[in-house]
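Q: 3D model of this:
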Amino acid sequence: MPTIYDLLGGNSALYTVIAVAVPCLIVTVVVLTVAGISTYLERKVAADIQRRIGPNQCNVGPFLGEFVRTMVRNGAAPRATGLARAMASAGKAVLPPLDWLDKVLGRWAPGLLIFMADGLKLILKEDIISDAADKRLFRIAPYIVLASAFGALAVVPFSDAWYVADFNIGIFYVAAITSLEVLGILMAGWASNNKWALLGGMRSAAQIVSYEVPVGLAIATAILMTGTMSMQGMTCEQLGITRDSTWLSDGWFWQWNIFHPAMFILAPVYFLAALAECNRTPFDIPEAESELVSGYHVEYSGMRFALFFMAEYAMMCVTSAIAVTLFLGGWSTGIAPLEHLGLAGFEVRAGVQVPVFHWYGTLLHLLFFAAKTYGLVLLMMWIRWTLPRFRVDQMMALCWKKLIPIGLFCLLAVAAWMILRMVLARQIGEALLDRITFWGRAAFACGVAGWLLWYFSRPLTPEEEAQREMVARASVESGPAL
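A: This next block holds a predicted model:
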């Protein structure tokens with residue numbers, strides 16, 4: 001069967017362009033779609049947590065059907081153009097399935113199409129640039145912020161076989177490309193020629209540059225543990241499957257980095273720093289509506305305004321994907337029998353033997369990676385609608401007085417463990433030490449899982465019952481006001 005390279009006549013330059021451009025385009029479309037749906041989900045999360053009215057009116061009734069019926073009526077008008085008539089003819093063909101879809105969505109997912117309405121609204125809004133703004137920088141800024149988020153996706157391993165590129169310094173590339181976000185935000189604040197926008201840009205620079213330090217410490221610790229800077233290599237190291245592995249010895253979830261005691265402490269440190277880098281509440285100091293109107297993007301309108309929000313949701317996905325790769329085993333399912341069932345063999349890449357999986361194993365890995373990543377995104381939404389905003393001094397104190405010392409301690413602890421491990425390996429043997437480590441992590445993971453199960457299933461104390469009753473009563477009494 002001819003390959004794409006053969007169909008292109010052996011043109012290596014064209015093949016390289018296609019091999020890079022097509023995966024990038026697919027990832028871009030997927031992330032933009034996820035960002036749009038995330039706006040709907042965030043509204044629903046806010047409604048559930050704060051007992052608000054959520055998005056429930058956008059597609060209740062013949063939403064899509066009515067849109068197409070309007071298009072058909074316009075096409076039947078005497079002055080309709082040929083394009084309008086062609087669109088009306090096409091609309092008549094798709095009208096019955098759209099009416100059926102309206103009924104299904106209105107019954108099971110009211111408000112789901114609100115992100116489409118938001119997109120249409122922003123596309124149709126006028127793009128206004130004030131006369132006092134630096135127009136060139138003003139136009140470029142949102143693209144730099146968006147490019148920073150999308151550039152990091154190039155090295156994220158979505159599955160064992162689904163990734164754009166596997167750099168040997170992939171995690172350093174991610175740290176470098178995501179740090180460009182602050183440049184675009186500063187540029188937006190400066191170019192707007194607005195004091196609120198400038199203050200928001202300066203706050204963002206201070207915040208993101210500060211919180212890059214605990215993120216860097218988390219990345220350095222993960223590199224020290226896995227012995228590689230390739231994100232695919234980090235995942236394979238946590239998977240642990242080799243030619244000599246059995247379903248009992250490798251591929252379990254307790255081999256993930258988070259079940260090393262130091263990494264277990266470091267994971268929340270990274271997650272809090274990632275929240276700050278995404279400018280999410282309680283770290284939304286650069287936007288702070290109550291203080292800065294809207295912060296660094298106060299002068300933006302239309303699609304340029306939308307680009308900042310798309311970049312925010314894309315950055316949430318990127319930082320969550322990095323957290324999954326560093327701490328939660330990447331695309332690994334954590335269930336050894338499933339991993340060995342999908343295993344097809346091994347191949348050598350860059351001088352290292354890596355496992356190769358059947359198509360159903362690859363699909364399973366993709367689903368698990370997506371579930372882990374979006375679970376962390378939902379956790380970010382939960383935190384946003386639960387906690388109030390920090391003050392600037394509280395935000396900086398948390399970073400420099402809490403997160404950075406904890407990150408340094410965990411880095412030194414992992415370094416000390418690696419040295420101790422080399423000494424113990426010479427004393428008792430590598431194989432025995434691996435078994436002790438394996439079952440020690442298993443005991444730690446089961447202990448954590450048991451504690452979580454007990455915590456969320458235990459009966460409430462009288463104080464907690466009283467607090468729940470007070471909150472419920474306050475919500476009922478404030479219902480008419482909402």
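Q: Do you have the helices of the stretch 301-450 of the chain handy? List them.
A: Secondary structure of the stretch 301-450 of the chain by DSSP state H, counting those that start in this stretch: the helices cover 302-327, 336-342, 359-384, 392-397, 404-428, 430-457.
Q: Could you look over the ones you listed and pick the most buried one?
A: Per-residue neighbour counts averaged over each of these give the maximum for helix 302-327, namely a mean of 23 (mean count of other C-beta atoms under 10 Å). In short, each C-beta sits where N, CA and C put it, glycine included.
Q: Report the helix or strand with the lowest average pLDDT across the chain.
A: helix 4-7 (a mean of 58; mean pLDDT, DSSP states H and E).
Q: Check the residue nearest the centre of the chain and give its pLDDT.
A: The residue at the geometric middle of the chain, judged as the C-alpha nearest the mean C-alpha position with C-alpha atoms, centre = their mean, is residue 317 (1.3 Å). We note a pLDDT of 88 for residue 317 in this prediction.
Q: Please state the offset of the helix or strand following the least confident helix or strand of the chain from the chain centre?
A: For helix 4-7, the succeeding helix or strand toward the C-terminus, using DSSP states H and E, is helix 12-50. Here helix 12-50 is found 10 Å from its chain centre; the criterion is C-alpha atoms, centre = their mean, to the nearest Å.
Q: was I right about the residue nearest to the centre of the chain contacting residue 31?
A: Yes. Counting by C-beta atoms under 8 Å, a contact exists between residue 317 and residue 31, whose distance comes to 6.1 Å.
Q: my read: residue 311 touches residue 144, true?
A: No. Taking C-beta under 8 Å as the contact criterion, residue 311 and residue 144 are not neighbours in contact, 9.2 Å apart.
Q: anything in contact with each of these two?
A: With contacts taken as C-beta atoms under 8 Å, 6 or more residues apart in numbering, residue 311 and residue 144 have residue 181 as neighbours in common.
Q: circling back: need the contact list for the residue nearest to the centre of the chain.
A: Contacts for residue 317 (C-beta under 8 Å, 6+ apart) come out as 31, 34, 35, 373, 374, 377.
Q: show me what contacts the last one?
A: If a contact means C-beta under 8 Å, 6+ apart, then residue 377 has 38, 316, 317, 320 as its contacts.
Q: I'd like these laid out as a markdown table, including distance to residue 214.
A: Listed next are those as a markdown table, based on distance: C-beta to C-beta, whole Å:
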| residue | distance to residue 214 |
| --- | --- |
| 38 | 25 |
| 316 | 18 |
| 317 | 20 |
| 320 | 16 |
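Q: Give the buried residues for stretch 33-46.
A: 34, 35, 36, 38, 39, 40, 41, 42, 43, 44, 45, 46 (16 or more other C-beta atoms under 10 Å).
Q: returning to what we had before: name the nearest of the contacts of residue 377 relative to residue 270.
A: In terms of C-beta to C-beta, no member of these lies closer to residue 270 than residue 320, at 10.7 Å.
Q: I figured the closest one hits residue 374, correct?
A: Yes. Judged on C-beta under 8 Å, residue 320 makes contact with residue 374 at a distance of 7.4 Å.
Q: Mutual contacts of those two, please.
A: Here residue 320 and residue 374 share no contacting residue, scored by C-beta under 8 Å, 6+ apart.
Q: okay, and for the stretch 1-150 of the chain, where does confidence drop off?
A: By pLDDT under 70, the low-scoring segments of the stretch 1-150 of the chain are 1-11, 15, 54-61.
Q: residue contacts, residue 77?
A: Shown here is residue 77, whose contacts under the criterion C-beta under 8 Å, 6+ apart are residue 84.
Q: isn't there a helix covering it?
A: No. Assessed by DSSP: H, G, I helix; E, B strand; the rest coil, residue 77 does not belong to a helix; its assignment is coil.
Q: mind checking the backbone torsions on it?
A: Dihedral pair for residue 77: phi -70, psi 150, per degrees, to the nearest 10.
Q: repeat for the one 10 residues further on
A: As for residue 87, its main-chain torsions (degrees, to the nearest 10) stand at phi -70, psi -40.
Q: Equivalent analysis for residue 335, please.
A: The main-chain torsion angles of residue 335 are listed as degrees, to the nearest 10 and equal phi -120, psi 100.
Q: what's the closest of the helices of the stretch 301-450 of the chain to residue 253?
A: Smallest distance to residue 253 across the helices of the stretch 301-450 of the chain (C-beta to C-beta): 6.5 Å, for helix 430-457.
Q: buried residues in stretch 93-106?
A: Going by neighbour count (16+ other C-beta under 10 Å), the buried part of stretch 93-106 is 95, 98, 101, 102, 105, 106.
Q: Sort out for me which of these are in helices.
A: 95, 98, 101, 102, 105, 106 (DSSP state H).
Q: No further queries at this time; thank you.
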